[in-house]
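>>> show me how the following folds:
(2 chains)
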Amino acid sequence: MKRKKKAGPNYNIYGWIFISLAFLLYIIFTIYPAIDSLLLAFQSFEGGKYTFVGLKNFKRMFGDAIFLKSLGNTFLYMVIQVPIMLLFALIIATLLNSKFLKFKGFFRTSVFLPCVTSLVAYSIIFKMLFSLDGLLNQVLIKLGILDAPYQYLQDSTWARAVIIIAMIWRWTGYNVIFYLSAMQNIPKETFEAAKVDGANAVQTFFKITIPQLKPIVLLTTIMSTNGTLQLFDETMNITQGGPANATITVSHYIYNQSFVYAPNFGYASAISYMVVFIMIILAIIQFTVAGKED
Amino acid sequence: MHNKEYRIFKKVLLHIALLIVVLISIFPFIWMLTGATNKSVDVTNGALHFGKSLGENWANLQSSANVFLVFLNSMKITLIYTFVSILICSMAGYGFEKYRSKGKNIVYSLFLFSMMIPFSAQMIPLFKMASKANMLNSHTAVILPTLAMPFLVFFFRQSFQSYPTELIEAARIDGANEFTIFFRLVMAPMKSTFAAGAIYAFMKQWNNYLWPLIVIQTNEKKTFTLLLSSLASAYYVDYGQLMLAIVLATIPIIIVFLTMQKQFVEGIVGSSK
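Predicted coordinates for the structure are as follows:
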């Protein structure tokens, strides 16, 4: 008797079917646009059509004062806001993780709450706080600290500070979520051993908590720097990039170049690839620094 | 004893420190809730009590915009987006995790790499595509481009690791087909994962701003974030009316957050496990 072996279904094919929808959408709406804008970066709209202009768009950036300003602002936000926010987040997570804490649920929920608000909504709230007829001016006048309302958002230093303060408010709780869940994974014995050895809270924080959290600190640093490089909603809704482009970010400038000024898709695409390039460089630096400390 | 007092002091200090953090965190929420019931002047005067102007603010808001329509637009876009993206991304995550092959690993790396491509490097071609396809100013144009979210694919793949492959194999022996296995057998016990993914997608789309700002052009198609932005940049801003609009835009998210906080946290942290 011949035994015919029943051929099993080719499971590999099913795998591809499961992936197919996402992959198709991904090719159409991510890969194709990414390639298209890379090509656009080397073109310019001249005489009614796009023509290849080589590196002209990239050269133009280095002589473009507003672009350089937007790049400077973006780095300023990154260098000041990201470390302050991450440090706050680490401290708050440590406090929330304390075994002496009562009403844990209440404290956690309240700390996480800012990160559910839409970027537009909280930006508007901060604009209201700092505007000419805003809450801060009213309070300071009532307290006799100010005689007349101050135009915070018309002062370039203050305007940048407001953006940074707003972002710290919105994103600190978000990072606390990451740190808290990572801290809960550190074995309790580690902390107890440190206590037995006579380490105080500050020593424990720097010698145990931070080294144990290193991978997650790296992750949040990369996420935050990438987020800052794409900053748009806040500057658009708090300051509109002003006064005199003092707060404009690279993403905001790309938007202006594409949809506000006379559309300049070639140049805007070149700038956006500059952002991709910077992101990759920063990620490499962050990974190298994190690797070296081991 | 000295030691005991010191410990109590530390505990009190801990609670006071966190209480300050909590006050800073929730102050804008209290201000916005009370502000929605106060006159414009009182909002900026820092009134933190409920006033009597809720009805007036509501009437003003309605005369500025068709709030119901804007709310429905946002809800429609967000719900369709959430449902479809969860379906597509969970299937992809499942495909990558349970049917591993060399080719799929390459595709998966491509997905992960694209998390590095900022939206600004895609928006111009996407705008050109939408305009060529005659889809500018449509909700479809808002929904389509970001349906396949690399983060969600990654999140689902990580989560499916914990689903025992033996159960899938056993179902195959019983003669179940691959899709029945996924939709009947796998989805049900992973409800919490799906909820976490859904919350992530819901928040992302409900709060979406830059892309709708580019493709939506008329008031009838506007979403809530666009309405907020235009109310706030008006020449004369009525703060009472604006606060009410912000409250309406924030409430759906807060309800989701308060009722499903565990899944919400899982959706955010899932990536780092």
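
>>> biggest helix in the chain by residues?
In the absence of a named chain, this looks at chain A. As assigned by DSSP state H, the longest helix anywhere in chain A is helix A:65-96.

>>> my question was about chain B
helix B:2-35.

>>> could you check whether it is close to chain A?
Yes. With Cβ under 8 Å from any Cβ of the partner chain as the criterion, chain A is reached by helix B:2-35 at B:10-11, B:14-15, B:17-18, B:21-22, B:24-26, B:28-29, B:31-32. C-beta here means a position set from N, CA and C on the backbone, and glycine is covered the same way.

>>> chain center to that helix, what's the gap?
28 Å (Cα atoms, centre = their mean, to the nearest Å).

>>> just for the stretch 51-200 of chain A, where's the confidence low?
Judged by pLDDT under 70, the stretch 51-200 of chain A has no weakly predicted residues.

>>> and the helices in the stretch 101-250 of chain B?
B:102-113, B:123-132, B:139-143, B:150-160, B:165-173, B:178-180, B:191-206, B:210-215, B:224-232, B:239-259 (DSSP state H, counting those that start in this stretch).

>>> how close does residue A:169 get to residue A:55?
41 Å (Cβ to Cβ, to the nearest Å).

>>> over to residue A:244?
From residue A:244 to residue A:55 the distance is 29 Å (Cβ to Cβ).

>>> show me the shaky parts of chain B.
For chain B, the ranges with pLDDT under 70 are B:1-2, B:270-273.

>>> in it, what residue comes closest to chain A?
Nearest residue of chain B to chain A, counting by Cβ to the nearest Cβ: residue B:99, 2.5 Å away.

>>> excluding its backbone neighbours, what's nearest that residue?
Spatial nearest neighbour of residue B:99, chain neighbours left out: residue A:15 (2.5 Å); criterion: Cβ to Cβ, 6 or more residues apart in numbering or on different chains.

>>> looking at the host helix or strand of that neighbour now, give me its mean pLDDT.
Using DSSP states H and E, residue A:15 sits in helix A:11-26. For helix A:11-26, the mean per-residue pLDDT is 91.

>>> how far is the next helix or strand after it from where the chain is centred?
Counting by DSSP H and E, the element after helix A:11-26 in chain order, helix or strand, is helix A:32-40. The chain centroid and the centroid of helix A:32-40 are separated by 23 Å, computed with Cα atoms, centre = their mean.

>>> hang on, the earlier thing: the more surrounded of residue A:169 and residue A:55?
Comparing residue A:169 with residue A:55 by other Cβ atoms under 10 Å in any protein chain shown, the one with more neighbours is residue A:169, at 20 against 10.

>>> so the more buried one makes contact with residue A:126?
Yes. If you go by Cβ atoms under 8 Å, residue A:169 and residue A:126 touch, sitting 7.5 Å apart.

>>> what about the residue lying closest to residue A:55 once chain neighbours are set aside, how many residues close to it?
Leaving aside its sequence neighbours, residue A:55 sits nearest to residue A:42 (Cβ to Cβ, 6+ apart; 7.3 Å). Neighbourhood size, residue A:42 [other Cβ under 10 Å]: 19.

>>> could you say what helices and strands the longest helix of chain B packs with?
With contacts taken as 3 or more Cβ pairs under 8 Å, 6 or more residues apart in numbering or on different chains; DSSP states H and E, helix B:2-35 sits against helix A:65-96, helix A:104-112, helix A:119-130, helix A:156-183, helix B:239-259.
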